[in-house]
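K.L.:
Based on what follows, work out the 3D shape:
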Amino acid sequence: MTSAMKETFRSSRPTSPPPPPAPPAPAALASKVRTLAPTMTRSMQRVAETVAGDPAGCAALTVTGLAERTGTSEATVVRTSRLLGYPGYRDLRLALAALAAQQATGSAPAVTADIAVDDSLVDVVTKLAQEEQQCLADTAAALDVTQLEASVAALAAARRIDVYGIGASNLVAQDLVQKLLRIGLIAHAHSDPHLAVTNAVQMRARDVAIAITHSGRTTDVIEPLRVAFDHGATTIAITGRPDGEIAAYADHVLTTSTARESELRPAAMSSRTSQLLVVDCLFIGVAQRTYETAAPALSASYEALAHRHHPHP
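P.N.:
This next block holds a predicted model:
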């Protein structure tokens, strides 16, 4: 496709800007800090880690007071607030006060220790369960419902759906596709980056392309999404880095959370958990919107496979 044709497709998209995302819920603050800290400057990291570590103390500080406590500037405090998803420091202080109140009543989950090489399997099970619960809670708290609803609407009306993911994210892509197929939608999961791009070239308006990448920087996922975007498809990014490169080619961004990465727990493990929650939300939303056709399709798929689950003697 020529550059002129790409510009035609882009210019045909709605020009009105999307509504700004709602500030993250107080419970999601620690997750946002963990997710975004690697992309911050050192001074911004100090601010972010300080407010996440002592929400009650920081909620009582003015912007000047927090700047002095962290050895930074007022401008750095404001920039950090905005990067964390709050319009300004005042909004961050309100979230800190709410988080401090949650912690005081014991409703906020405690941060667990990393899994150690000499942990017993009982400890491993306990720690993993706590981390998974925290990851799911953080993702649910931070998920932009407006973006989710728009994504569901696009999928429910889609002529065709392509989903891109590499590695662990491809497992999530396949999970979403097999669910959509069972309610009668045309969906494909692409793990081969060349095949993904060649299929993206065929996408048009009313088609939907979904890219799943925790880092937001996976080239083999970004490229087919960009091609689908250029050809007029509605594009959705499921990512732990809403400010990553992938967002430039996404009409809708669904943000996932992740637990702390450690030697025995790579990011792919916890990102997969939060990604599965998001795709389950997408599937249920689409099934609700298309219930009149989805319900019979589900019943038919159950009946077609029943003999495999309960073979005749």
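K.L.:
what's in contact with the helix or strand hosting residue 274?
P.N.:
Using DSSP states H and E, residue 274 maps to helix 267-289. The contact list for helix 267-289, computed with Cβ atoms under 8 Å, 6 or more residues apart in numbering, reads 131-132, 135-136, 138-140, 143, 148-149, 151-153, 155-156, 167-169, 171-172, 175-176, 179-180, 183, 185, 212, 214, 238, 240, 254, 256-259, 261, 294, 298. Every residue, glycine included, has its C-beta placed from N, CA and C.
K.L.:
among these, which are in helices?
P.N.:
131-132, 135-136, 138-140, 148-149, 151-153, 155-156, 168-169, 171-172, 175-176, 179-180, 294, 298 (DSSP state H).
K.L.:
which of those residues are buried?
P.N.:
131, 135-136, 138-140, 148, 151-152, 155-156, 168-169, 171-172, 175-176, 179-180, 294, 298 (16 or more other Cβ atoms under 10 Å).
K.L.:
Share the number of residues neighbouring the closest residue to residue 71 other than its chain neighbours, please.
P.N.:
The shortest distance from residue 71 to any non-neighbouring residue, by Cβ to Cβ, 6 or more residues apart in numbering, is to residue 46 (6.8 Å). If you count neighbours by other Cβ atoms under 10 Å, residue 46 ends up with 17.
K.L.:
Touching, residue 46 and residue 73? I think so.
P.N.:
No - contact criterion Cβ atoms under 8 Å: residue 46 and residue 73 do not qualify, at 11.3 Å.
K.L.:
check contacts around residue 294.
P.N.:
Contacts of residue 294 by Cβ under 8 Å, 6+ apart are 183-184, 286-287.
K.L.:
As CSV, those with neighbour count and distance to residue 81 would be great.
P.N.:
Below are the contacts of residue 294 laid out as CSV (neighbours: other Cβ atoms under 10 Å; distance: Cβ to Cβ, whole Å):
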residue, neighbour count, distance to residue 81
183, 20, 41
184, 14, 45
286, 25, 35
287, 21, 38
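K.L.:
quick one: which of the residues you listed is nearest to residue 65?
P.N.:
Closest to residue 65 out of these is residue 286 (47.6 Å), distances taken as Cβ to Cβ.
K.L.:
For that closest one, report the pLDDT, please.
P.N.:
The per-residue pLDDT reported for residue 286 equals 97.
K.L.:
repeat for residue 58
P.N.:
At residue 58, pLDDT is 93.
K.L.:
what do you get for the one 5 residues further on?
P.N.:
Among the per-residue scores, residue 63 holds a pLDDT of 93.
K.L.:
again, but for residue 7
P.N.:
pLDDT at residue 7 comes out at 50.
K.L.:
Could you do residue 310 as well?
P.N.:
Reading off the model, residue 310 has pLDDT 69.
K.L.:
same thing with residue 12?
P.N.:
Reported pLDDT for residue 12: 52.
K.L.:
Which residue, other than its chain neighbours, is closest to residue 174?
P.N.:
Per Cβ to Cβ, 6+ apart, closest to residue 174 is residue 189, 4.6 Å.
K.L.:
List the residues that contact the one you found.
P.N.:
163-165, 170, 173-174, 176-177.
K.L.:
Give me the phi and psi for it.
P.N.:
With angles defined as degrees, to the nearest 10, residue 189 sits at phi -110, psi 130.
K.L.:
Report the separation between it and residue 152.
P.N.:
Going from residue 189 to residue 152 by Cβ to Cβ, to the nearest Å gives 19 Å.
K.L.:
just residue 281 next, same as before
P.N.:
For residue 281 relative to residue 152 (Cβ to Cβ), the value is 8 Å.
K.L.:
Cool, thanks, talk later.
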